[in-house]
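Q: fold the following.
(one chain, ligands or ions: 2)
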Amino acid sequence: MFNNRELISQVAVTAAQMRDIEARIFAAGIPVAALMEKVAGLITRRVEEILGQGDKVNNYSSPSPPLPLSPSPLRIGILAGPGHNGGDALVVARELYFRGYEVRVYCPIPKLKELTSQHLQYVRSLDIACYESIQNLQDCDFLIDGLFGFGLERDITEPIAGAIHQLNQWNKPVISIDVPSGLHTDTGEILGVGVRATYTLCLGLWKLGLLEDQALEYIGEAELIDFDIQYADVQAVLGEYPKVKRITTASALSTLPLPRQQVTHKYKEGNLLLVCGSRRYAGAAILTGLAARSSGVGLLSIAVPQSLADTMISHLPEALIIRCPETESGAISQLNLPANTDLNKFDAIACGPGITLDADSVVREILDSSKPLLLDADGLNVLASMGTLPTLQKRQALTILTPHAGEFKRLFPDIDVNQNKILAAQEAAKQSGAVVLFKGSKTAIANPQGWVWIIPQSTPALARGGSGDVLTGLLGGLIAQAVSRNLSVEKMVATAAWWHGRAGILAAQERTQLGVDALTLTRYLMPALTSVNR
Ligand SMILES: NC(=O)C1=CN([C@@H]2O[C@H](COP(=O)(O)OP(=O)(O)OC[C@H]3O[C@@H](n4cnc5c(N)ncnc54)[C@H](O)[C@@H]3O)[C@@H](O)[C@H]2O)[C@@H](O)CC1
Ligand SMILES: [K+]
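A: Numbers count the residues shown, from 1 in each chain. Ligands and ions are numbered 1, 2, ... in the order given. This is a model prediction of the structure:
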């Protein structure tokens, strides 16, 4: 269904996997030096494009330092380390020099790999200035970081650590080759100190560390430089179906919008029960309902405390609003399903936004159902108080959990969430048998079989009250449709998370990051799909 280049952009690898893939390519016959020339040529081309768009970059809304608008030739500082990341950087130095830029090289380590050493020798022969002190690059307009790539093995020490500190303080635009130097390729952890890049040009295949939240403040704008690795080589190392996948626009749009048969009826298009809201959090129920509506679900029932029912009808006239008895605090005290309806009539249930902890008896009742169940917010907190693992072990049907970091810690106190989010989500899914959507800047979705989907793009605009309610409604609606059509639920969870993120990005582009309140977000769900280039 996807072409090879698209498949390449969907995978993410560790340093060891990248090494194994490269080893296959080299063993097949391409000389190491030839590949370095090719890769560095592609980097040079992209660097020139970036340098040429100073105005555009200066208008970019990220906190990255602006590109200088000084008259050409720009003065470019190249940081070259001892390995092939340094080799790439030195080839780029040479090419930029030939294109008329003023180039200076910082090469602090005397012992270089053979190929890197040869490139340094040639760069020196061209009279390009090479220095052992980073200070000599201070008045450069732009810096290219080729100190370390996926070969970084241990903490960076002096004198390079001090040089990176200096570089970060200059607050100049920096392009990192492959990964920002100092960033652990697999985990995104910083080994001692890390270059804070404006751009990261990741080479060949996405590295897992770039997809971790903790890497975000170092990588700037990250993009893939595709140098034609063959997908068969990736499969030879990662397996036929790689376990960690990035959700790209193409992969999301292969599912969305869900196609409908010409001859169908509402019962075939997903039957969702939402359980949400309380007198204190009426808005959560409205937002969840509006987002579920946007999913295109065939039938939508929403159980709310009776005092909210009329408000809900005014916002969602098409939904069946179920008036439930409520506690003194205004939480749902028990489900009051219509006659002839029980929980097992629904394709999926989504429960949690705004219910408060006082609705715990309802959460317990829903957990007993034999239908796919999504829990969010206080639904998760009730589950945590019951004991996540023993409670979920009793469920026959699929459970989907959508915690943020705080909820995750309560649900899975034995799993360390601070280091590696992808592994944490994988472990939580394995232990609990649930699909776990771990929210964050880079949301990760894991299933119990060890598959992980990562949403690579997001926006801080979504860090706002109510945005999680929107996700729950959208997810609930899509899961109900996936169940009614026998589609993969976990893939649909990942697709929903991509859709939610895309709506946030589009809304932020049109309204700034401050303009993405949760109600606005629900209104961008449809445009998020119709605006993408197919
Ligand atoms: N071989 C090729 O032609 C290709 C190479 N590529 C580049 O090669 C890079 C990987 O090259 P390498 O395997 O040489 O690794 P690196 O260039 O990342 O660095 C490894 C070198 O740094 C040293 N080192 C590791 N940690 C250190 C520390 N904390 N302090 C001081 N020295 C340290 C190692 O002993 C080794 O000499 C990629 O990131 C990429 O930039 C890619 O462009 C793909 C093609
Ligand atoms: K680098």
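
Q: helices and strands of this protein: which one bottoms out on pLDDT?
A: helix 54-58 (a mean of 43; mean pLDDT, DSSP states H and E).

Q: just after that helix, pick out the following helix or strand.
A: Sequence-wise, the next helix or strand downstream of helix 54-58 (DSSP states H and E) is strand 75-80.

Q: and that next one, how far out from the chain's middle?
A: 30 Å (C-alpha atoms, centre = their mean, to the nearest Å).

Q: ok, and what's touching it?
A: 86-87, 89-90, 92-93, 96, 101-107, 116, 120, 134, 137, 139-147, 163, 167, 181, 195 (C-beta atoms under 8 Å, 6 or more residues apart in numbering). For the C-beta atoms, the positions are set from N, CA and C on the backbone; glycine is no exception.

Q: and if you look at stretch 259-270?
A: 295-299, 347-348, 477-478, 480-485.

Q: near ligand 2 too, which of these?
A: Subset of those in contact with ligand 2: empty, counting by C-beta under 5 Å from the ion.

Q: so which of the residues you listed belong to helices?
A: Judged by DSSP state H, the subset of these located in helices is 477, 478, 480, 481, 482, 483, 484.

Q: quick check, nearest of these to residue 127?
A: residue 478 (61.0 Å; C-beta to C-beta).

Q: could you count how many residues lie near the closest one?
A: Residue 478 sits with 29 neighbouring residues when counted by other C-beta atoms under 10 Å.

Q: surely it is in contact with residue 494?
A: No: Residue 478 is beyond contact range of residue 494, at 10.2 Å (criterion: C-beta atoms under 8 Å).

Q: picking up where we left off before, now the buried members of the ones in helices among the contacts of stretch 259-270.
A: 477, 478, 480, 481, 482, 483, 484 (16 or more other C-beta atoms under 10 Å).

Q: so which of the contacts of strand 75-80 also contact ligand 1?
A: Residues of the contacts of strand 75-80 in contact with ligand 1 (C-beta under 6 Å from any ligand atom): residue 86.

Q: any of the contacts of strand 75-80 buried? List them.
A: 86-87, 89-90, 92-93, 96, 101-107, 116, 120, 134, 137, 140-147, 163, 167, 181, 195.

Q: the strands in the stretch 201-350 of the chain, which residues?
A: Secondary structure of the stretch 201-350 of the chain by DSSP state E, counting those that start in this stretch: the strands cover 206-207, 221-225, 244-246, 271-275, 299-305, 320-324, 348-351.

Q: quick one: closest of those strands to residue 38.
A: Short answer: strand 221-225, nearest of these by C-beta to C-beta, at 10.2 Å.

Q: what lines up beside the closest one in the sheet?
A: strand 199-203 (parallel) (DSSP bridges).

Q: ok, residues contacting the partner strand?
A: By C-beta under 8 Å, 6+ apart, strand 199-203 touches 39, 43, 46-47, 50, 88, 149, 173-180, 210, 219-225, 227.

Q: return only those of the contacts of strand 75-80 found close to ligand 2.
A: Among these, ligand 2 is touched by 145, 181 when using C-beta under 5 Å from the ion.

Q: of the contacts of strand 75-80, which belong to strands?
A: The strands, defined by DSSP state E, take in 102, 103, 104, 105, 106, 142, 143, 144, 145, 146 from those.

Q: now these in CSV, with pLDDT and distance to residue 433?
A: Output for these, formatted as CSV (pLDDT from 0 to 100; distance: C-beta to C-beta, whole Å):
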residue, pLDDT, distance to residue 433
102, 96, 60
103, 97, 56
104, 98, 57
105, 98, 54
106, 98, 52
142, 96, 51
143, 98, 48
144, 98, 47
145, 98, 43
146, 98, 45
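
Q: list the contacts of the most far-flung residue of the chain relative to its centre.
A: Distance from the C-alpha centroid of the chain peaks at residue 125, with 44.1 Å (C-alpha atoms, centre = their mean). Counting by C-beta under 8 Å, 6+ apart, residue 125 touches no other residue.

Q: from ligand 1, how far out is the residue lying closest to residue 289 once chain neighbours are set aside?
A: Leaving aside its chain neighbours, residue 289 sits nearest to residue 316 (4.7 Å; criterion: C-beta to C-beta, 6 or more residues apart in numbering). Per C-beta to the nearest ligand atom, to the nearest Å, residue 316 is found 52 Å from ligand 1.

Q: quick check: pLDDT value at residue 316.
A: On pLDDT, residue 316 comes in at 97.

Q: isn't it right next to residue 290, touching?
A: Yes: with contact defined as C-beta under 8 Å, residue 316 reaches residue 290; the gap is 7.0 Å.

Q: which bits of this protein sit near ligand 2?
A: 145, 176, 177, 181.
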